[in-house]
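**Q** quick one: sequence and predicted model below, then my questions.
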Amino acid sequence: MRLLREIAGHEQIIRALLNALLHDRVGHAYLFAGPEGVGKATTALAFAGALLCEGADRGDACGRCRACRQFEHANHPDFHWVRPAGSSIKIEQIRGIQRKVMFRSYQGGRKVIIIEQAEAMTAEAANCLLKTLEEPPDETVFVLLTALPQALPATVLSRCQQYIFKLIPFHELASLLNKQHGLAREEARLLAALSGGSPGKALAYVSGSFQKRRDAAVRLTVLLQEAGALEALAEAERMSKNRDEALGLLEMLACWYRDLLIWQETGEAGLLFNPDQINALKKGAGYFETGRLVGIIEIIAKAKNKILANANMRLVLEVLFLRLAGGMSGTQTDLEVNQWD
Ligand SMILES: [Zn+2]
């Protein structure tokens, strides 16, 4: 099991939680808010482990006692995890939890309930939870996780100690991926960049076939440099079939063009996200004027935002790829980015 003190990043939050544990000043309800993949659930789990541990070590879980072993094997009877059933968390789910926390804990210690995507509670469910938070049962700790705290009723928010999880700075995340997860330094840097500071997202890239996807992105840039309109459109159609894949590809493309720009401007391999691709980058950098690279990076970011806002994906990719096509000509320096707003 992951201990609180082993969690990288979020030092202030971890310190506050450990302090509360150590000095027996644990609250009844916590809200962990912050972007997806930033470490809210990981921290909540480690916190739950520490709350349930029977032989706590400086506030943190010991990792060895009966409770820790049960927790590690996901069969601690006083620990409950609530997540949306379908698209929402229903009142029946909260009532089920209420029944469980009404009585003494099975093992005489605390009861811990984590509510994932708490913003997905229906109004009735939130109201029902509020009643419990207003008269909290003894030795019961709720941890609500959400990326959208503003979507929770103010009455629920006001009952919780709130912790805001922030994205992890690039260098910190790169070093974390390198040291804790054993990634090569170059890969750690690239994944830190691609994930935008979210360890969960970075690790999801690791589990996917990262290298294959990066190669596909590089191939696409080369193809587009030489492509005519028909090839660009065909590529857009192909890519528009899978939203997650398309979004991942756009992030990789943006990093690639960013590297071309950095190489052109500084010639510093140490600043690149793809330092292992230095030869391809040197070659690619010669194709573009600086202004065009800046424009390309901007239109990729816009395309990504449009897809995230559920615009027609094929249309967005068609427009993007047509604009990226023919990089050599130099006649498209002005990408008229503003027309696309
Ligand atoms: Zn323990």
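**A** Right, received. Where do you want to start? The structure presented is a predicted model; accordingly, all values stated were derived computationally and were not measured.
**Q** domain parsing for the protein?
**A** For the chain, automatic domain parsing gives the domain ranges 4-164, 209-340.
**Q** show me what contacts L148?
**A** Residues near L148 by Cβ atoms under 8 Å, 6 or more residues apart in numbering: E119. No exception for glycine: its C-beta is placed from N, CA and C like everyone else's.
**Q** over to I91?
**A** Contacts for I91 were tallied using Cβ under 8 Å, 6+ apart; they are T122, E124, A125, C128.
**Q** and which of these is nearest to A301?
**A** T122 (35.0 Å; Cβ to Cβ).
**Q** so what's the closest one closest to, chain neighbours aside?
**A** Excluding its sequence neighbours, the residue lying closest to T122 (Cβ to Cβ, 6 or more residues apart in numbering) is S88, at 5.1 Å.
**Q** likewise N274?
**A** Closest residue to N274 apart from its sequence neighbours, by Cβ to Cβ, 6+ apart: D259 at 5.2 Å.
**Q** try L173
**A** Counting by Cβ to Cβ, 6+ apart, L173 lies nearest to A192, which is 4.1 Å off, once chain neighbours are set aside.
**Q** so where does that neighbour fall, helix or strand?
**A** Under the criterion of DSSP states H and E, A192 resides in helix 185-195.
**Q** quick check: angle from the longest helix seen in the chain to helix 185-195?
**A** If you go by DSSP state H, the chain has its longest helix at helix 243-266. Counting by axes from the mean of the first three to the mean of the last three Cα atoms, to 10 degrees, helix 243-266 lies at 120 degrees to helix 185-195.
**Q** what are the C-alpha coordinates of helix 243-266, in PDB please?
**A** Listed next in PDB are the C-alpha coordinates belonging to helix 243-266 (Å, rounded to 0.1, in the frame of the first residue of the first chain):
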ATOM      1  CA  ARG A 243     -11.400  10.700 -29.800                       C
ATOM      2  CA  ASP A 244      -8.800   9.700 -27.100                       C
ATOM      3  CA  GLU A 245      -6.300   8.700 -29.700                       C
ATOM      4  CA  ALA A 246      -6.800  11.900 -31.600                       C
ATOM      5  CA  LEU A 247      -6.300  14.000 -28.500                       C
ATOM      6  CA  GLY A 248      -3.200  12.100 -27.500                       C
ATOM      7  CA  LEU A 249      -1.900  12.500 -31.000                       C
ATOM      8  CA  LEU A 250      -2.500  16.300 -31.000                       C
ATOM      9  CA  GLU A 251      -0.600  16.600 -27.700                       C
ATOM     10  CA  MET A 252       2.300  14.700 -29.200                       C
ATOM     11  CA  LEU A 253       2.200  16.800 -32.400                       C
ATOM     12  CA  ALA A 254       2.200  20.000 -30.300                       C
ATOM     13  CA  CYS A 255       5.300  18.700 -28.400                       C
ATOM     14  CA  TRP A 256       7.000  17.900 -31.700                       C
ATOM     15  CA  TYR A 257       6.500  21.300 -33.200                       C
ATOM     16  CA  ARG A 258       7.400  22.900 -29.900                       C
ATOM     17  CA  ASP A 259      10.700  21.000 -30.100                       C
ATOM     18  CA  LEU A 260      11.300  22.100 -33.700                       C
ATOM     19  CA  LEU A 261      10.800  25.700 -32.500                       C
ATOM     20  CA  ILE A 262      13.100  25.300 -29.500                       C
ATOM     21  CA  TRP A 263      15.800  23.700 -31.600                       C
ATOM     22  CA  GLN A 264      15.600  26.500 -34.200                       C
ATOM     23  CA  GLU A 265      15.700  29.200 -31.600                       C
ATOM     24  CA  THR A 266      18.300  27.800 -29.100                       C
END
